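Chemist: Sequence first, then the predicted structure:
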Amino acid sequence: AQSVAQPEDQVNVAEGNPLTVKCTYSVSGNPYLFWYVQYPNRGLQFLLKYITGDNLVKGSYGFEAEFNKSQTSFHLKKPSALVSDSALYFCAVRVYGNNRLAFGKGNQVVVIP
Amino acid sequence: GAGVSQSPSNKVTEKGKDVELRCDPISGHTALYWYRQRLGQGLEFLIYFQGNSAPDKSGLPSDRFSAERTGESVSTLTIQRTQQEDSAVYLCASRFSGTENQPQHFGDGTRLSIL
């Protein structure tokens, strides 16, 4: 089985401050981890992924995420949040050979001007 | 190139009617997924197609739901005898499955409202 937990419902952050969105996962085997962002009335947009290699991965729009195997986490980060980063963020995981992604419930990020 | 295209973008229908939702995947993407997203909630997997293999239908919530895909092209999701609890956004995604590390690419969804 594979699953993802995004423990916070909403993350509020002031514009210009660092942004962190938390994700922990549970899988049997090595995980492939993904972050997506969803703006109102739109589909999910791919931000970044971890497959193998460096634990710190960089993605679109200045976002990055750190894979931590011992803590089974893949937190999304951005050094300086913008108002335009306000959206719904989803973490997802799958393992090799399993073509289905398990999505977290999503985190609403609100960046306050 | 074009992304995943879904139609209609919005659909309002009366309870008990049948609806058909369409998804055009990205060209060359052999994998296609349907998800349901209820208001304020995460994604619920419905069905997965991979090339000419038998689809994974394990997420379909009832026998009122069905989906088809012709080869590696268009897919349709059909909901028969719609109920109010079917109201949701239905998202389609496609993926190039030639390598393991490719992400899914999503359409903007069909917003289905059952009156």
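Modeler: Structure received.
Chemist: Quick check: residues of chain A near chain B?
Modeler: Neighbours of chain B within chain A, by Cβ under 8 Å from any Cβ of the partner chain: A:32, A:34, A:36, A:41-46, A:49, A:51, A:90, A:96, A:99-101, A:103-106. Using the backbone N, CA and C atoms, a C-beta is placed for each residue, glycine as well.
Chemist: and the residues you listed, which are buried?
Modeler: With neighbours counted by 16 or more other Cβ atoms under 10 Å in any protein chain shown, those contain buried members at A:32, A:34, A:36, A:43-46, A:49, A:51, A:90, A:100-101, A:103-106.
Chemist: Mind telling me the two of the residues you listed farthest from one another?
Modeler: Greatest spatial distance in those: A:Ile51 and A:Lys105, 23.5 Å, computed using Cβ to Cβ.
Chemist: Looking at the buried ones among the residues of chain A next to chain B, which gets the smallest pLDDT?
Modeler: When those are compared by pLDDT, A:Arg100 scores lowest at 85.
Chemist: In a helix, it, correct?
Modeler: No. The assignment for A:Arg100, made by DSSP: H, G, I helix; E, B strand; the rest coil, is coil rather than a helix.
Chemist: ok, it - contacts?
Modeler: With contact set as Cβ atoms under 8 Å, 6 or more residues apart in numbering or on different chains, A:Arg100 has these partners: A:Arg94, B:Tyr33, B:Phe45, B:Tyr48, B:Asp56.
Chemist: Could you identify which of those has the most neighbours?
Modeler: Counting neighbours by other Cβ atoms under 10 Å in any protein chain shown, B:Tyr33 leads the contacts of A:Arg100 with 27 neighbours.
Chemist: what's near enough to touch B:Glu14?
Modeler: Listed by Cβ under 8 Å, 6+ apart, the contact set of B:Glu14 reads B:Thr82, B:Ile114, B:Leu115.
Chemist: Just the pLDDT for the last one.
Modeler: Looking back up the chat, that one is B:Leu115. 94.
Chemist: So it versus chain A, what's the distance?
Modeler: When distance is defined by Cβ to the nearest Cβ, to the nearest Å, B:Leu115 is 20 Å away from chain A.
Chemist: What of the second one?
Modeler: Shown here: B:Ile114 relative to chain A, a distance of 19 Å by Cβ to the nearest Cβ.
Chemist: correct me, but that residue touches B:Asp18?
Modeler: No. In this structure B:Ile114 lies outside contact range of B:Asp18 using Cβ atoms under 8 Å: 11.4 Å.
Chemist: who are the neighbours in contact with whichever residue of chain A sits closest to chain B?
Modeler: Relative to chain B, the nearest point of chain A is A:Gly43 (3.5 Å; Cβ to the nearest Cβ). Taking Cβ under 8 Å, 6+ apart, we find A:Gly43 in contact with B:Val4, B:Gln6, B:Leu91, B:Ala93, B:Phe106, B:Gly107, B:Asp108, B:Gly109.
Chemist: Let me see the contact set for the residue lying closest to the first one once chain neighbours are set aside.
Modeler: Which is B:Val4. Nearest non-adjacent residue to B:Val4, counting by Cβ to Cβ, 6 or more residues apart in numbering or on different chains: B:Gly107, 3.7 Å away. Contact partners of B:Gly107, counting by Cβ under 8 Å, 6+ apart, are A:Gly43, B:Gly3, B:Val4, B:Ser5, B:Gln6, B:Cys23, B:Leu91, B:Cys92, B:Ala93.
Chemist: Which member of these is positioned nearest A:Pro7?
Modeler: Using Cβ to Cβ, B:Leu91 comes nearest to A:Pro7 of those, at 23.7 Å.
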